[in-house]
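>>> sequence and predicted structure below; questions after.
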There are 2 protein chains.
Amino acid sequence: MRTSSVDQIILEVLAQEHAHLTSLQIFEVIRERLPAVNQSTVYRALERMAKRGQVSVSDMGTGSAVYELVADGRHHHLVCQVCGCILTIDHEEVGRFFTEIEAQNQFKIATNHLILFGVCGECGKNGG
Amino acid sequence: MRTSSVDQIILEVLAQEHAHLTSLQIFEVIRERLPAVNQSTVYRALERMAKRGQVSVSDMGTGSAVYELVADGRHHHLVCQVCGCILTIDHEEVGRFFTEIEAQNQFKIATNHLILFGVCGECGKNGG
DNA sequence: AATTATAATGCATTTGTTTGCAACTGCAAT
DNA sequence: ATTGCAGTTGCAAACAAATGCATTATAATT
């Protein structure tokens, strides 16, 4: 597999931050080291790395997708549509569900970062 | 709740088609009846109806989101990233999983159309 | 019927993301 | 070193979706 400098830097950036970063945030960090890099190059690099399973892409309902290192550990999120809070759930029970679905449908699931929207306990209490 | 003519037409269109439609497809049908309607009005109407739980929004990886009547029955999809085929799974086992997650996190899930990406049995055999 | 408050709409603009194409780069075989 | 090829990049343009603001429509209230 051919090495791309942009891919390398993205991996380093994500490894340093251990967080959900938008492509713009990633782009801006990369630009400090490679000022000439184009934004679509970053998009393509992220797409490539997502296909390889190195990073996860998630729409958390914030307007732009966020990226994260898969090596940081498989986890998933519950996003409250009222207050915007984000609960993290680990892969354990999600994994059981995935395995079930896979067995029943002869399908290998690649989705590695599940996002479920809804209402958190706090907002459920207050809002009705 | 206030009634919008666009909302009404969208409901009728989706009820007629019983399918996943893109906002552009919906827009074009609406334009036949209300030629002056703007595309952002359609986006806003769909967003409104999704918030009410009348329609589901899903990114099936086709470039644009698709909308569907929730009243048509809760179901979910497995999308093959190799051949693009779409398997439909009903709400039963997904519902059990949702209930589990809800109980463990005091969270009410609103997501009503789950999309999981991966590789179908056929492509798994051929591709390795 | 007139008034008011609220929600919906059109238009133009902006944002986020993808794509086509030509140029370039890294790697392997010669 | 040269060639060839596939993968990567920049640029501009296309596309999908969201937004700010002024206007209009709707339902409730008077």
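Yes, it's here.
>>> now do the buried residues in the lengthiest helix in chain A.
Longest among the helix segments of chain A by residue count, using DSSP state H, is helix A:91-105. Across helix A:91-105, burial judged by 16 or more other C-beta atoms under 10 Å in any protein chain shown covers A:94, A:97-98, A:101-102, A:105. Where you see a C-beta, it was placed from the backbone N, CA and C, and this is true even at glycine.
>>> next one: stretch A:23-34
Per 16+ other C-beta under 10 Å, stretch A:23-34 contains these buried residues: A:23, A:25-27, A:29-30.
>>> intersect these with the contacts of DNA strand C.
Counting by C-beta under 7 Å from any atom of the strand, residue A:23 from the buried residues of stretch A:23-34 sit close to DNA strand C.
>>> looking at the buried residues of stretch A:23-34, which is nearest residue B:12?
The nearest member of the buried residues of stretch A:23-34 to residue B:12, counting by C-beta to C-beta, is residue A:23 at 38.3 Å.
>>> could I get the buried residues of helix A:91-105 in JSON lines, plus columns for distance to chain B and pLDDT?
Putting the buried residues of helix A:91-105 into JSON lines (distance: C-beta to the nearest C-beta, whole Å; pLDDT from 0 to 100) gives the following:
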{"residue": "A:94", "distance to chain B": "8", "pLDDT": "96"}
{"residue": "A:97", "distance to chain B": "4", "pLDDT": "97"}
{"residue": "A:98", "distance to chain B": "8", "pLDDT": "98"}
{"residue": "A:101", "distance to chain B": "7", "pLDDT": "98"}
{"residue": "A:102", "distance to chain B": "8", "pLDDT": "98"}
{"residue": "A:105", "distance to chain B": "6", "pLDDT": "97"}
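>>> now residue A:35: how far from residue A:27?
11 Å (C-beta to C-beta, to the nearest Å).
>>> with residue A:53 instead?
To residue A:27, residue A:53 is 22 Å away according to C-beta to C-beta.
>>> helices or strands up against the longest helix of chain A?
Packed against helix A:91-105, as judged by 3 or more C-beta pairs under 8 Å, 6 or more residues apart in numbering or on different chains; DSSP states H and E, are the following elements: strand A:75-80, strand A:107-109, strand B:86-90, helix B:91-105, strand B:115-120.
>>> need the contact partners of the second one.
It stands for strand A:107-109. Residues from elsewhere that reach strand A:107-109 (C-beta atoms under 8 Å, 6 or more residues apart in numbering or on different chains): A:98, A:101-102, B:78, B:80, B:87, B:116-121, B:124.
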